[in-house]
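S.K.: Any chance you can model this:
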Amino acid sequence: MGELHNEVEEIAMAYFNLYSELQKARLKVRRKGSEETIHVRRPFYTDVLEVDWGTTHYTIVREGLVVRGAKIYREKEYLGKVEEKIGFMTHFDVFLKAKRIFAIEEHETLLKQRFDIMQQGKVVGSVRPVGIYVPILSNLGKGIEGDYSGITKEEEEMLLMAIIALGV
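M.R.: So this is what the prediction gives:
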């Protein structure tokens, strides 16, 4: 994982499942022929997530009640951030260092909810709640799942950390 940010190869289709409990979570990522598990610890007294992916350690510092955001660190070095934009539907911008690399945009109906992962105006993936969708209570006691493709390893690293920041 330490060399992850140096790879430029594009990711073919990948699928993920994030299951969250009170003090921990796990994100399983499946690609053709492989599966990885990312482990998350969430101390109950703070809004900081401790994430281990292989031998690499990440820290996600979340903030905000009305407008949510998170700063993400890899091995104590700033990696990027996630910022929510206020609007009719939920929208998050994902930054790698200072460059905006993704927009995560909500699409909701009465029966289901989905977030599109957008890169330069093109849909590269989606995020969906697991289980029965109930507006407002959509991720209580459940998880999220989704998929993505056509992004680099470096972008994948930031996207998965953003999904953890928003989904745990």
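
S.K.: my guess is Leu27 contacts Ile163, does it?
M.R.: Yes. At 7.1 Å, Leu27 counts as touching Ile163 under the criterion of CB atoms under 8 Å. Just so you know, the C-beta spots here come from the backbone N, C-alpha and C atoms, and that holds for glycine as well.

S.K.: Which residues are in contact with each of these two?
M.R.: Common neighbours of Leu27 and Ile163 are listed as Phe16, Leu18 (criterion: CB atoms under 8 Å, 6 or more residues apart in numbering).

S.K.: tell me the strands in the protein, going along the chain?
M.R.: Here the chain has its strands, by DSSP state E, at 14-20, 24-31, 34-41, 48-53, 56-63, 69-74, 77-85, 91-96, 99-108, 113-119, 122-129, 143-148.

S.K.: Quick check: buried residues in the fourth one?
M.R.: Neighbour counts using 16 or more other CB atoms under 10 Å place Leu49, Val51, Trp53 of strand 48-53 among the buried residues.

S.K.: Redo the residues you listed as CSV? Include pLDDT.
M.R.: Shown next, in CSV, are those (pLDDT from 0 to 100):
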residue, pLDDT
Leu49, 95
Val51, 98
Trp53, 97
